[in-house]
Structures are given as structure tokens and as C-alpha cells.
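Colleague: here's a sequence, model it:
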Amino acid sequence: MPYLGCYLAGDDEKIILNFLNESDEIAFVVPAGRVRRWKTVSTIPELSHGEQSLWHKPGGPLPLFQGAFDPAESILDPENGFWSQSVDRPTFGGSDTNVIFLHFRPVIVDKVTGEITLNVSDFSWVGNYFSISGHPAPAATEKWWKQLRRFVKKHAIKVKRECYPDGAFAFPDAQRLIAKGVKRL
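Modeller: Reported below is the predicted structural model:
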């Protein structure tokens with residue numbers, strides 16, 4: 001499945017956030033005030049720690065998982081909100097070929113020693129994993145994923161990452177920390 005590992009520190013988060021906020025094709029899935037209530041928004045002020053679900057709008061309706069034996073429900077107007085069975089975040093159906101996940105993991109600073117550790121954030125997507133079962137990725141979402149890859153390659157350099165043959169991309173502030181010998185995960 002497609003994956004982009006990224007080291008982000010300092011203002012690097014703003015680089016990613018600006019790219020996503022400026023994309024007319026992406027909406028963020030965010031809490032809508034009540035437990036199990038969600039909605040999509042075009043922009044957010046900052047990335048929150050953990051998993052962010054990004055809906056690629058041209059790829060089709062948002063597919064919400066309903067249960068192991070139930071087909072995914074298509075949320076046609078997620079900007080107006082929707083309910084999810086899951087408490088902590090909505091679960092999208094097996095045909096979630098138009099949902100990209102951003103796992104944002106900021107720099108870790110040890111409160112006792114002050115030691116800094118770079119954590120890797122990543123974008124992941126099912127891509128064409130389910131194409132054999134009749135759920136190929138929408139061409140528009142494939143095109144957007146390639147645009148994301150080009151953006152990352154333009155703004156970051158590829159660095160080695162232990163145990164990961166594909167390495168990760170280090171954005172400018174993360175590059176400076178790596179050059180200083182900061183520990184990386």
C-alpha cells in the first residue's frame with residue numbers, strides 16, 4: 001500500500017498543513033461536537049497529534065464502515081455531519097480508496113533530560129489494494145497521491161531510516177535536527 005514517511009519539526013508542520021489546506025480536493029474529517037458525531041472541513045488551524053483522515057472529494061462519497069457484514073454507507077454530504085459507530089474516530093469501509101491517512105507524530109522532548117527525538121509522521125493510503133475485489137482506486141485520487149509525492153519530494157530530502165528500506169523524507173527543520181545528530185525513530 002502507498003506510504004510516505006516524513007520527518008517534521010518546527011515549521012515543517014506548517015508546510016504540510018498549508019499544502020493540505022490549499023488543496024480544493026481534500027477535506028479533513030474532524031469531530032463535530034458530540035460523541036460519535038463527525039464532519040468534514042476544508043481547512044484546519046493545526047495538525048493534531050495522531051491520525052487524521054483526509055477525504056479526497058473527487059474520489060467519490062465518503063465510505064463509512066457500518067459492520068463486518070454490512071456494506072459501507074456512502075456519506076454524500078459529510079460537511080453537514082454524520083454519525084459513526086466508533087467513539088474515537090470514524091472507521092471507513094474496505095472500499096476507502098478515497099481516504100488518505102496522515103499520522104502526525106511531532107518531535108518528542110524528554111521532560112527530564114531535554115533530549116529531542118524525531119518521530120516519523122506518515123501519509124498512507126490503500127491505493128489499489130482492493131482492486132482485485134472490484135474496488136480500484138479512483139483515477140482522480142491516484143493523481144492526487146502523485147501530486148502529494150511530488151510536493152514532498154520538492155520540499156524534503158530522502159534520508160535513510162533504520163529497518164525501512166524506503167527511508168523517509170526530512171523537511172527543512174527536521175534536516176537541521178538530523179544534521180545535529182538528533183535521535184530518530
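
Colleague: for the worst-scoring helix or strand of the chain on mean pLDDT, name the packing helices and strands.
Modeller: Of all the helices and strands that make up the chain, strand 73-75 has the lowest average by mean pLDDT, DSSP states H and E, namely a mean of 85. Contacting strand 73-75 under the criterion 3 or more C-beta pairs under 8 Å, 6 or more residues apart in numbering; DSSP states H and E are the following elements: strand 62-64. C-betas here are computed from N, CA, C, even on glycine.

Colleague: phi first, then psi, for P90.
Modeller: The main-chain torsion angles of P90 are listed as degrees, to the nearest 10 and equal phi -70, psi 150.

Colleague: I misspoke; the intended subject was D12.
Modeller: In terms of degrees, to the nearest 10, the main-chain angles of D12 are phi -60, psi -40.

Colleague: in the chain, spot the helix with the most residues.
Modeller: In the chain, with assignment by DSSP state H, the single longest helix is helix 139-155.

Colleague: report the buried residues of it.
Modeller: By 16 or more other C-beta atoms under 10 Å, the buried positions in helix 139-155 come out as 141-142, 144-145, 148, 151-152.

Colleague: repeat for stretch 24-34
Modeller: Of all the residues in stretch 24-34, those buried under the rule 16+ other C-beta under 10 Å are 25-29, 32.

Colleague: I'd like those residues laid out as a markdown table, including secondary structure, pLDDT and distance to N98.
Modeller: Listed next are these as a markdown table, based on DSSP: H, G, I helix; E, B strand; the rest coil; pLDDT from 0 to 100; distance: C-beta to C-beta, whole Å:
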| residue | secondary structure | pLDDT | distance to N98 |
| --- | --- | --- | --- |
| E25 | coil | 97 | 10 |
| I26 | strand | 98 | 10 |
| A27 | strand | 97 | 11 |
| F28 | strand | 97 | 14 |
| V29 | strand | 95 | 12 |
| A32 | coil | 93 | 20 |
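
Colleague: out of the buried residues of helix 139-155, who's nearest I132?
Modeller: I132 has its nearest neighbour among those in E142, at 16.2 Å by C-beta to C-beta.
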